[in-house]
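[1] give me a model of this one.
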Amino acid sequence: MTGTLPEPFAGWFAARGWAPRPHQIAVLAAAQAGESVLLTAPTGGGKTLAGFLPSLVELATAPQPGLHTLYVSPLKALAADIARNLTAPVAEMGLPVTIDTRTGDTSTARRQKQRAEPPNLLLTTPESLAVLLSQPETASFFAPLRVVVVDEVHALAGTKRGDQLALGMTRLDALAPGLRRIGLSATAAHPAALAAYISADGRGGGVRRVDVTGGAPPTIEIMLPEGRLPWSGHMGLASAPSILARIRAAGMTIVFVNTRAQAELIFQALWRLNTDTLPIAIHHGSLEPEQRQKVEHAMAEGRLRAVVATSSLDLGIDWGGVDQVLQVGAPKGVSRLLQRVGRANHRMDEASRAILVPANRFEVLECEAAIRGVAAHELDGDPPRPGGLDVLAQHILGTACAAPFRPDDLYAEIRRAAPYAALPRRDFDDVLEFVENGGYSLQAYHQFRKLFRDSEGYCQVMGERVARQHRMNIGTIVAEPMIKVKFGGRAGGTLGEVEEYFVRGLSPGDTFIFSGRLLRFLRLRETWIEVADGGTGEPKVPAYAGGRMPLTTNLAARVRAMLHNPATWPSFPEPVQEWLTLQKSLSRLPGENDLLIETFPRGDKHFLVAYCFEGRNAHQTLGMLLTRRLERAGFQPLGFVATDYVLATWSARPPHSLAALFDQDMLGDDLEAWMAESSMLRRTFRNVAVIAGLIERHHPGAEKTRRQVTVNSDLIYNVLRRHQPDHVLLRATRADAGGGLTDLTRIAAFLARIKGRVRHMALSRVSPLAVPVLLEIGRESVRNGEGDDALLAEAETLAAEAMGSLAPTPRQGRLFG
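    This is a model prediction of the structure:
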């Protein structure tokens with residue numbers, strides 16, 4: 001096999017006792033034939049080497065100055081890791097190849113050097129590529145480019161970052177005709193859609209698919225906390241002793257969690273128990289880049305026993321020394337679980353070892369369903385959606401910042417990007433008009449005029465000031481405004497960033513947990529807060545908007561099927577089996593395709609619990625629509641709470657005629673009325689407006705606060721709804737409402753599925769299955785140092801109430817212990 005490789009590559013492989021894998025040779029052969037490639041292979045299969053091998057061989061055979069290969073990764077850390085791993089073999093083989101990275105963390109001096117002397121291999125992110133493509137020298141910089149390698153394609157296609165990259169690749173095709181593309185993916189629920197995404201025509205043409213099957217199946221088990229199994233909560237802190245024991249028994253462990261707040265709490269819980277002072281670190285996206293890089297280097301050098309991490313370490317970084325992965329909290333999807341499990345061993349031929357640590361009883365069901373989904377090779381995830389019009393607006397302005405363009409030419413170019421292959425000309429023209437002058441309702445305002453057309457029909461940018469502000473605002477990740485956390489004054493060390501809204505709730509002397517430390521808030525400065533170590537009182541934990549991943553549709557269907565089929569229950573731990581058995585005897589269990597609704601009185605309130613299993617985002621929207629209907633029907637709703645599994649409302653009057661409440665016409669007048677006043681829709685519009693460039697958060701020498709951005713976007717939202725309801729940004733907002741925060745597409749499918757299948761159980765008291773969601777209501781209202789004790793007492797009360805008048809047997813007693 002090594003005979004197909006030229007020297008010095010064949011000798012380099014042989015000296016290490018290695019041989020290239022068949023799929024690596026297949027990618028090389030496709031590249032030598034001038035074809036683009038989509039490679040899907042299990043984690044540890046050498047995808048990254050396969051992606052770079054053709055470029056290294058080509059540059060070794062025929063060295064060239066300037067940029068030859070552009071590698072695009074969704075993670076800055078991944079780009080830096082690949083650069084580290086490539087540098088050694090390039091040096092060992094003496095290849096005439098230069099390598100560098102370009103991300104948001106790259107210094108100004110290095111960026112200037114890259115422009116003057118472009119490296120052969122440049123490793124970057126979608127955002128940094130968009131910045132490069134907006135520069136006046138972009139044509140000469142990218143002219144020598146021959147290859148674009150896109151890593152973790154499945155994590156980009158179907159997202160706004162993926163839309164941005166797809167548009168960028170069509171721009172690169174125009175600047176460097178004949179460009180080849182290589183897509184690398186570990187999981188592919190929709191491989192044909194990924195091939196279309198990688199292709200130069202947006203439809204899959206000219207792409208050779210190389211699919212690698214096999215590999216050792218992962219070993220996945222569930223670990224429960226010692227003692228009682230929690231009814232509710234999603235942090236998993238009760239399992240900290242068991243987690244630390246697993247860390248102590250292994251070499252290197254990644255402890256994955258689902259949110260940054262959870263990462264801080266789990267790290268603190270482990271550190272309090274860590275009497276052996278094992279080297280344990282924390283890694284998430286709000287920490288300073290220098291701190292994250294220190295952790296990554298320590299992992300690569302084998303100096304850590306564990307890292308508590310969020311999705312910041314999800315993707316393809318090659319931590320070869322990781323022995324096991326722990327997932328604290330339910331994984332929310334099979335594909336996501338496989339991605340995280342693959343961080344252990346990172347070798348295709350050896351089984352990755354993972355331990356799932358559910359935080360509550362419903363999460364036990366989800367973890368078991370996820371394990372079965374992995375065994376069945378059932379990848380989940382929705383197919384890529386059409387490209388966002390807000391991203392298109394950003395791209396059009398960026399294109400003009402680099403050089404003038406003709407609208408007809410740019411429209412034809414954009415249609416070659418898969419997310420925009422079906423883009424109607426009307427949408428393109430409306431977006432272009434918006435970029436030019438803001439559209440009909442906003443054209444009188446000078447600040448929205450960003451392009452003009454010259455006498456030859458070219459669109460040109462309205463001056464360097466517009467171009468400069470555009471480059472400062474490039475990107476599709478609309479995070480909440482952030483405030484830096486520093487020790488002491490301006491010159492103090494920076495730990496990272498927290499969201500502005502969290503800072504507004506702090507008073508001097510308050511304590512909070514961040515960067516794995518207990519900090520005391522001193523004061524707020526212009527763009528940072530001063531903190532000191534230590535303090536007293538119950539510490540707060542910064543939470544971050546959009547941090548929670550919803551339960552996927554496929555995994556939710558598996559959970560419903562397992563609940564409905566008692567034959568699957570023996571795989572559950574005994575407390576869960578008893579819980580479900582008691583539910584079946586006192587009420588009923590949710591069906592695979594129906595909707596179980598329970599109603600019962602408690603105190604002076606009447607509760608409605610709907611077992612929808614459609615994810616937290618969809619349930620939040622359903623809750624808002626349902627409470628409107630309850631109010632109109634005279635039931636006097638008082639509130640609702642949503643989890644990934646259940647929606648619960650409480651009202652002053654007992655609700656009835658429940659099937660009508662969940663009729664499909666909920667998405668008619670109720671939806672329109674809700675959209676008119678919904679803060680979630682306004683927030684969606686705010687994000688769209690920021691991405692499209694209508695509202696510029698970053699200005700030279702000034703940052704807009706969240707309040708300024710919100711006030712501006714709300715004013716514009718009201719103007720457009722009143723005077724131009726078909727404005728392109730309102731259309732983009734409605735399209736975004738189909739997923740994301742509102743998840744209307746999923747709600748529509750849910751309402752269609754349950755039509756004629758609503759099962760109502762009118763109970764005299766809370767059911768066993770409803771106990772967790774009632775505890776979530778308690779969790780929302782308990783916010784003091786006695787919170788855990790109060791919730792524990794409430795759990796015992798609710799559990800006893802759910803038992804009703806049943807005689808307490810030993811088995812039933814263990815249900816609550």
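[2] thought residue 430 was touching residue 729?
    No. Residue 430 is beyond contact range of residue 729, at 9.6 Å (criterion: Cβ atoms under 8 Å). Where you see a C-beta, it was placed from the backbone N, CA and C, and this is true even at glycine.
[3] neighbour count winner among those two?
    residue 729 (27 against 20; other Cβ atoms under 10 Å).
[4] contacting residues for the more buried one?
    By Cβ atoms under 8 Å, 6 or more residues apart in numbering, the residues touching residue 729 are 389, 390, 434, 439, 685, 688, 689, 692, 694, 720.
[5] returning to that earlier point: shared neighbours of residue 430 and residue 729, anything?
    Common neighbours of residue 430 and residue 729 (Cβ under 8 Å, 6+ apart) are 389, 439.
[6] buried residues of stretch 140-148, list them for me.
    For stretch 140-148, burial by neighbour count (16 or more other Cβ atoms under 10 Å) applies to 141, 142, 145, 146, 147, 148.
[7] now the fifth one. Nearest residue, chain neighbours left out?
    Closest residue in space to residue 147, ignoring its immediate chain neighbours: residue 69 at 4.4 Å, by Cβ to Cβ, 6 or more residues apart in numbering.
[8] same question, the first one
    The shortest distance from residue 141 to any residue other than its chain neighbours is 6.1 Å, reached at residue 118 (Cβ to Cβ, 6+ apart).
[9] and the pLDDT for that neighbour?
    Listed pLDDT for residue 118 reads 94.
[10] one more: the one 5 residues further on?
    Looking at residue 123, its pLDDT stands at 92.
[11] residue contacts, it?
    Residues in contact with residue 123 (Cβ under 8 Å, 6+ apart) are 71, 73, 79, 80, 82, 83, 99, 100, 101, 102.
[12] so where do the strands sit in the stretch 101-250 of the chain?
    Residue ranges of the strands in the stretch 101-250 of the chain, as given by DSSP state E, counting those that start in this stretch, are 121-124, 147-150, 180-185, 207-211, 219-222.
[13] list the neighbouring strands of the last one plus their orientation.
    Here the strand partners of strand 219-222, with direction, are listed using DSSP bridges: strand 353-357 (parallel).
[14] show me how far the one helix or strand residue 83 maps to is from its chain's centre.
    Here residue 83 is covered by helix 76-92, with elements defined by DSSP states H and E. The chain centroid and the centroid of helix 76-92 are separated by 25 Å under Cα atoms, centre = their mean, to the nearest Å.
[15] other SSEs contacting it?
    helix 47-61, strand 99-102, strand 121-124, helix 289-300 (3 or more Cβ pairs under 8 Å, 6 or more residues apart in numbering; DSSP states H and E).
[16] export the ones you listed to CSV and append columns for distance to residue 450.
    Below are these laid out as CSV (distance: least, Cβ to Cβ, whole Å):
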stretch, distance to residue 450
helix 47-61, 37
strand 99-102, 26
strand 121-124, 25
helix 289-300, 31
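[17] which of the ones you listed sits most buried?
    Among the helices and strands packed on helix 76-92, the stretch with the highest mean neighbour count (mean count of other Cβ atoms under 10 Å) is strand 121-124, at a mean of 25.
[18] dump it to PDB, restricted to CA.
    Extracted in PDB, the C-alpha atoms of strand 121-124 (Å, rounded to 0.1, in the frame of the first residue of the first chain):
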ATOM      1  CA  LEU A 121      -1.200  26.000   4.300                       C
ATOM      2  CA  LEU A 122      -3.500  28.500   6.200                       C
ATOM      3  CA  LEU A 123      -5.700  27.100   8.900                       C
ATOM      4  CA  THR A 124      -8.700  29.300   9.700                       C
END
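[19] tell me which residues in stretch 24-31 are buried?
    Buried residues in stretch 24-31, counted by 16+ other Cβ under 10 Å: 24, 25, 26, 27, 28, 30, 31.
[20] from the residues you listed, which land in helices?
    Among the buried residues of stretch 24-31, DSSP state H puts 24, 25, 26, 27, 28, 30, 31 in helices.
[21] please report how far residue 187 lies from residue 212.
    Distance of residue 187 to residue 212, given as Cβ to Cβ, to the nearest Å: 12 Å.
[22] ok, residue 659 next?
    Separation of residue 659 from residue 212 (Cβ to Cβ) stands at 49 Å.
[23] can you give me the strands in the stretch 701-817 of the chain?
    With DSSP E, counting those that start in this stretch, the ranges of strands along the stretch 701-817 of the chain come out as 702-703, 758-762.
[24] among the ones you listed, which is the most enclosed?
    Comparing the strands of the stretch 701-817 of the chain by mean neighbour count (mean count of other Cβ under 10 Å), strand 758-762 ranks first with a mean of 16.
[25] just checking: what are the partner strands of that strand?
    When sheet partners are counted by DSSP bridges, strand 758-762 sits next to strand 595-602 (parallel).
[26] mind putting the ones in helices among the buried residues of stretch 24-31 in JSON lines, distance to residue 774 and pLDDT included?
    Converted to JSON lines, those look like this (distance: Cβ to Cβ, whole Å; pLDDT from 0 to 100):
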{"residue": "24", "distance to residue 774": "55", "pLDDT": "91"}
{"residue": "25", "distance to residue 774": "59", "pLDDT": "92"}
{"residue": "26", "distance to residue 774": "56", "pLDDT": "93"}
{"residue": "27", "distance to residue 774": "55", "pLDDT": "94"}
{"residue": "28", "distance to residue 774": "60", "pLDDT": "93"}
{"residue": "30", "distance to residue 774": "57", "pLDDT": "93"}
{"residue": "31", "distance to residue 774": "59", "pLDDT": "92"}
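[27] which of those residues lies closest to residue 247?
    Closest to residue 247 out of these is residue 24 (34.5 Å), distances taken as Cβ to Cβ.
[28] now for the closest residue in space to that closest one that isn't next to it in sequence: which residues touch it?
    Nearest-residue entry for residue 24: residue 50, 4.2 Å, with adjacent residues in sequence omitted and distances by Cβ to Cβ, 6+ apart. Under the criterion of Cβ under 8 Å, 6+ apart, the neighbours of residue 50 are 21, 23, 24, 27, 28, 39, 41, 184.
[29] rerun at 6 Å
    Contact analysis of residue 50 by Cβ atoms under 6 Å, 6 or more residues apart in numbering lists 24, 27, 39.
[30] relative to residue 198, how far out is it?
    When distance is defined by Cβ to Cβ, residue 50 is 14 Å away from residue 198.
[31] I'd assumed residue 65 was in contact with residue 96.
    No. Here residue 96 does not reach residue 65: they are 10.0 Å apart, not a contact under Cβ atoms under 6 Å.
[32] any idea how far residue 448 lies from residue 467?
    Applying Cβ to Cβ, the value for residue 448 to residue 467 is 16 Å.
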